[in-house]
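In: Model the following, please.
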Amino acid sequence: MSLLVDHVGVLVTNDPALGAGPLGLVEDAYLVAGDDGQVAAVGPRPPAGPPPCDERLDAGGACVLPGFVDSHTHLVFAGDRSAEFVTRMAGRPYEAGGINATVAATRAASTDQLRTALEDRRRAAYASGTTTIEIKSGYGLTAAHESRLLSLAGEHTAETTALAAHVVPPELPSADAYVEQVCDVILPAVAGQARWVDAFCERGAFDADQCRAVLEAGRRLGLDTRLHANQLGPGPGARLAAELGCASADHCTFLDAGDVEALAGAGTVATLLPLTEFSTRQPYPDARRLLAAGVTVALATNCNPGSSYSTAMSLCIALAVREMGLTIEEAVLAATAGGAAALRRSDVGRLSPGAPADFLVLDAPSYAHLAYRPGEPLVALTAVGGAVRFRRDDRHT
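Out: Alright, predicted model coming up:
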């Protein structure tokens with residue numbers, strides 16, 4: 001069935017050919033989602049009214065945006081690490097080793113328990129305006145457990161990532177021994193369930209040579225590559241991601257001039273995760289420097305139980321504006337088109353004819369309210385392919 005979204009106060013298309021500025025803004029607009037779930041028409045509302053459709057949604061002058069593209073999450077897990085957060089807020093630094101606590105809890109959980117928890121988190125992401133989401137494994141660390149997590153992730157997205165190289169499991173004697181198992185056993189077992197392969201290039205996790213081995217093994221199995229890089233301090237991750245032509249280098253908290261130059265030269269997206277800095281009290285990356293060098297920037301939540309337990313993309317936008325030097329327009333682009341670029345997608349993150357009708361309606365007249373009113377539940381409705389997945393007044397999913 002076709003859907004008309006009428007009386008849109010400001011429509012963000014992310015297509016400068018359709019409207020004003022880099023966001024392609026159209027005022028007093030309408031949008032039509034066709035029977036195929038794609039955008040059929042957008043534009044200024046004609047005096048005679050927009051074309052009739054099977055269904056009509058009156059936006060009432062609200063702002064409508066492309067759905068957020070959250071390109072970095074760890075949504076499949078069990079357990080609680082709130083005590084770790086409390087000690088961090090009392091001054092203890094964040095360390096990568098806490099991941100194994102989640103591994104133990106996730107391994108012990110039943111598949112039904114994991115599925116229920118994942119469904120709850122995906123509903124929260126819809127309520128936050130996220131229409132496209134990436135979900136990683138990484139809390140199983142054996143072929144069977146990683147396969148289970150990727151199977152569950154695949155129930156919600158095609159953007160599944162094999163992150164077996166997340167941390168060394170307690171039963172393995174060394175990082176080298178585990179990397180050998182990842183390359184020779186785990187990745188071959190799960191490659192058919194994932195689109196991406198990822199690794200945690202960080203002290204306390206895996207070094208550059210180990211990460212290179214994992215990413216190259218994944219690539220031989222047909223997986224595309226992305227990399228956790230430069231989160232806890234300066235390191236080789238960003239340059240390794242650029243060297244290997246990864247779609248994205250994620251975190252990028254500690255970058256030097258050479259790292260930025262390498263990312264720009266390779267066309268690797270810098271995915272920034274401001275909720276992680278908020279939760280760990282680390283410095284926020286300088287997004288202004290990345291944009292000035294020509295690096296594409298994405299914003300994502302990094303939703304996970306240890307360092308960023310939130311699906312709130314709107315709060316990512318607010319923090320990026322307040323703490324990372326982005327304008328509100330740049331932050332909105334990073335949370336939509338930037339996330340799409342990090343997933344090597346050209347279809348999502350925009351609202352132009354032929355794109356999926358993935359959109360959100362704000363309970364606000366302008367996208368500026370995403371930063372102007374941080375923490376407010378501003379998403380009134382989220383639709384994927386023209387079908388409503390969240391409506392605030394009835395919590396319809």
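In: Point out where the stretch 51-200 of the chain drops to low pLDDT.
Out: Residues of the stretch 51-200 of the chain that meet the criterion pLDDT under 70 lie in 95-97.
In: Okay, helices next: where are they in it?
Out: Remark: helices assigned in the stretch 51-200 of the chain by DSSP state H, counting those that start in this stretch are 82-89, 99-108, 111-127, 143-153, 175-181, 187-190.
In: out of the ones you listed, which comes closest to L3?
Out: Using CB to CB as the criterion, the shortest distance between L3 and those is 16.9 Å, found for helix 111-127. Where C-beta positions appear, they are placed from N, C-alpha and C, glycine not excepted.
In: Mind checking the helices of the stretch 51-200 of the chain for the one nearest to C211?
Out: Go through these one by one with CB to CB and the one that ends up closest to C211 is helix 175-181, at 8.5 Å.
In: Now that closest one: buried residues?
Out: Of the residues in helix 175-181, those buried by neighbour count under the rule 16 or more other CB atoms under 10 Å are 175, 178-179, 181.
In: again, but for stretch 355-368
Out: Within stretch 355-368, the residues scored as buried using 16+ other CB under 10 Å are 355-364, 367.
In: Mind checking which of these land in strands?
Out: Assigned to strands by DSSP state E, the following of the buried residues of stretch 355-368 qualify: 359-362.
In: Can I get the residues you listed in CSV including pLDDT?
Out: CSV is the format used below for these (pLDDT from 0 to 100):
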residue, pLDDT
F359, 98
L360, 98
V361, 98
L362, 98
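In: which SSE is A383 in?
Out: strand 379-384 (DSSP states H and E).
In: how far is that strand from where the chain is centred?
Out: Going by CA atoms, centre = their mean, to the nearest Å, the spacing between the C-alpha centre of strand 379-384 and its chain's C-alpha centre is 17 Å.
In: Next SSE downstream of that strand?
Out: Taking DSSP H and E, what comes next after strand 379-384 is strand 387-391.
In: that older thread, what is the nearest of the buried residues of helix 175-181 to A20?
Out: Minimum distance to A20 across the buried residues of helix 175-181 is 50.2 Å, recorded for V179 (CB to CB).
In: On the pLDDT front, check the closest residue in space to the closest one that isn't next to it in sequence for me.
Out: What sits nearest to V179 in space, not counting adjacent residues and going by CB to CB, 6 or more residues apart in numbering, is Q210, at 4.6 Å. Among the per-residue scores, Q210 shows a pLDDT of 98.
In: so what's Q210 up against?
Out: When contacts are counted by CB atoms under 8 Å, 6 or more residues apart in numbering, Q210 touches 165, 175-176, 179, 199.
In: May I have stretch 330-343 exported as PDB, CA atoms only?
Out: Once non-C-alpha atoms are left out, stretch 330-343 reads as follows in PDB (Å, rounded to 0.1, in the frame of the first residue of the first chain):
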ATOM      1  CA  GLU A 330      27.100  17.800   9.800                       C
ATOM      2  CA  ALA A 331      26.000  15.700  12.700                       C
ATOM      3  CA  VAL A 332      22.700  14.800  11.100                       C
ATOM      4  CA  LEU A 333      24.600  13.800   7.900                       C
ATOM      5  CA  ALA A 334      27.000  11.700   9.900                       C
ATOM      6  CA  ALA A 335      24.100   9.900  11.700                       C
ATOM      7  CA  THR A 336      22.400   9.100   8.300                       C
ATOM      8  CA  ALA A 337      24.400   9.300   5.100                       C
ATOM      9  CA  GLY A 338      27.700   8.900   7.000                       C
ATOM     10  CA  GLY A 339      26.500   5.700   8.600                       C
ATOM     11  CA  ALA A 340      25.400   4.500   5.200                       C
ATOM     12  CA  ALA A 341      28.900   5.200   3.800                       C
ATOM     13  CA  ALA A 342      30.400   3.200   6.700                       C
ATOM     14  CA  LEU A 343      28.300   0.300   5.600                       C
END
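In: now, among the buried residues of helix 175-181, which is nearest to L263?
Out: Comparing every one of the buried residues of helix 175-181 with L263 (CB to CB), the shortest separation belongs to V179, at 24.4 Å.
In: Output the ones in strands among the buried residues of stretch 355-368 as CSV; include the columns distance to E277.
Out: Formatted as CSV, these follow (distance: CB to CB, whole Å):
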residue, distance to E277
F359, 29
L360, 25
V361, 29
L362, 25
